[in-house]
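Chemist: sequence unavailable; structure follows:
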């Protein structure tokens, strides 16, 4: 099956064409304003050191400080310093009383079907940020997610812990490969991207722009990948629960309680009951963006 990414590049059957990453990195892209300011800062520091050689310690210090701030922006998943980043749903979605439950790191052959059943039972839609490598191993499960009214979005190809250290070409390959695989498997082109662990660097925003992907982090996360007690996980997600929230749980890499039950499964029933009691509607990210409640994606 052939799919078309947001930059017009074609990819087939689970992997992007060889030309796609190279073309993507060569395309002209508008860098985030903060990154442009950082480049200007570097140039100004270099010029100052060249004009007044004795000022080089100050110039070096200015460059170092800028790198610290850029690094901090990448290590803070909810920051917007490095480009557009959803930490909440758009204002129109919040006005409709919508929230988004997002599920990361799957699909998982045991946990994902159980989560889908719970979502059906509570009449809720969710967005699954899938690792493409796992999706290729369980394609039918990814298709089931979409068939049951949920979204499958891009969570990178391999979920490498080195993602935030990748250069622009490697980052483009990682994201484009996942985009092609997920579109081919589900027939739905991902619209959103979440970085592994939420960590990134200044190269990410131009890559996402070329692939027409919107970066999404979260309003609150449950930290359901650590510990064995579901009580604090639920408490974190419910703290100041309100319209427009984006909540994060996991169907991959999740921790388990003392009885061996995944923490996500332990907290979802109570979470969804509180969501409906607060007169909130759990929808997919794409439905929140488009206003088409229950929609799971755009056909590839």
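Modeler: Right, received. Where do you want to start? All values derive from a computational prediction rather than experimental measurement. Numbering: from 1, shown residues only.
Chemist: mind listing what's buried along stretch 96-104?
Modeler: Within stretch 96-104, the residues scored as buried using 16 or more other Cβ atoms under 10 Å are 96, 98-104. Yep, even glycine has a C-beta here, placed from its N, CA and C like the rest.
Chemist: the nearest residue to residue 166 once chain neighbours are set aside in helix, strand or coil?
Modeler: Spatial nearest neighbour of residue 166, chain neighbours left out: residue 174 (6.6 Å); criterion: Cβ to Cβ, 6 or more residues apart in numbering. Assigned by DSSP: H, G, I helix; E, B strand; the rest coil, the conformation of residue 174 is helix.
Chemist: residues contacting residue 174?
Modeler: 156-158, 160, 163, 166 (Cβ atoms under 8 Å, 6 or more residues apart in numbering).
Chemist: where are the low-confidence patches of the stretch 1-150 of the chain?
Modeler: 1-50, 52-76 (pLDDT under 70).
Chemist: show me where it has its strands.
Modeler: 2-4, 10-12, 15-16, 98-106, 127-130 (DSSP state E, counting those that start in this stretch).
Chemist: pull up the pairing partners for the last one, direction included.
Modeler: Just to be clear, that refers to strand 127-130. Paired with strand 127-130 in the same sheet, following DSSP bridges, are strand 98-106 (parallel), strand 151-154 (parallel).
Chemist: most neighbours among the contacts of residue 174, which one?
Modeler: residue 157 (25 neighbours; other Cβ atoms under 10 Å).
Chemist: circling back to that earlier point, which among the buried residues of stretch 96-104 gets closest to residue 269?
Modeler: residue 101 (12.4 Å; Cβ to Cβ).
Chemist: show me the contacts for that closest one.
Modeler: 124, 126-127, 247, 249, 271, 282.
Chemist: show me those residues that map onto helices.
Modeler: residue 271 (DSSP state H).
Chemist: out of the contacts of residue 101, what pair is the most spread apart?
Modeler: Most distant of these, by Cβ to Cβ, are 127 and 271, 14.9 Å apart.
Chemist: so for the two, which sits in the more crowded spot?
Modeler: Neighbour totals were compared for residue 127 and residue 271, and residue 127 leads with 30 against 23 (other Cβ under 10 Å).
Chemist: how close does the residue nearest in space to the middle of the chain get to residue 87?
Modeler: The centroid of the chain falls nearest to residue 194 when counting by Cα atoms, centre = their mean (1.2 Å). Plainly put, residue 194 is 12 Å away from residue 87 if you go by Cβ to Cβ, to the nearest Å.
Chemist: what residues does the helix or strand containing residue 266 touch?
Modeler: Per DSSP states H and E: residue 266 is located in helix 263-277. Contacting residues not belonging to helix 263-277 are listed as 99, 101, 103, 111, 114-115, 118-119, 122-124, 222, 224, 227-228, 230, 233-234, 237-238, 241, 247, 249-251, 254-257, 282 [Cβ under 8 Å, 6+ apart].
Chemist: quick one: buried ones out of those residues?
Modeler: 99, 101, 103, 111, 114-115, 118-119, 124, 222, 224, 230, 233-234, 237-238, 241, 247, 249-251, 254-257, 282.
Chemist: chain center to stretch 118-134: distance?
Modeler: For stretch 118-134, the separation from the chain centroid amounts to 14 Å (computed by Cα atoms, centre = their mean, to the nearest Å).
Chemist: rewinding a little: can you add distance to residue 179 and give the strands paired with strand 127-130 back as TSV?
Modeler: Listed next are the strands paired with strand 127-130 as TSV, based on distance: least, Cβ to Cβ, whole Å:
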stretch	distance to residue 179
strand 98-106	17
strand 151-154	6
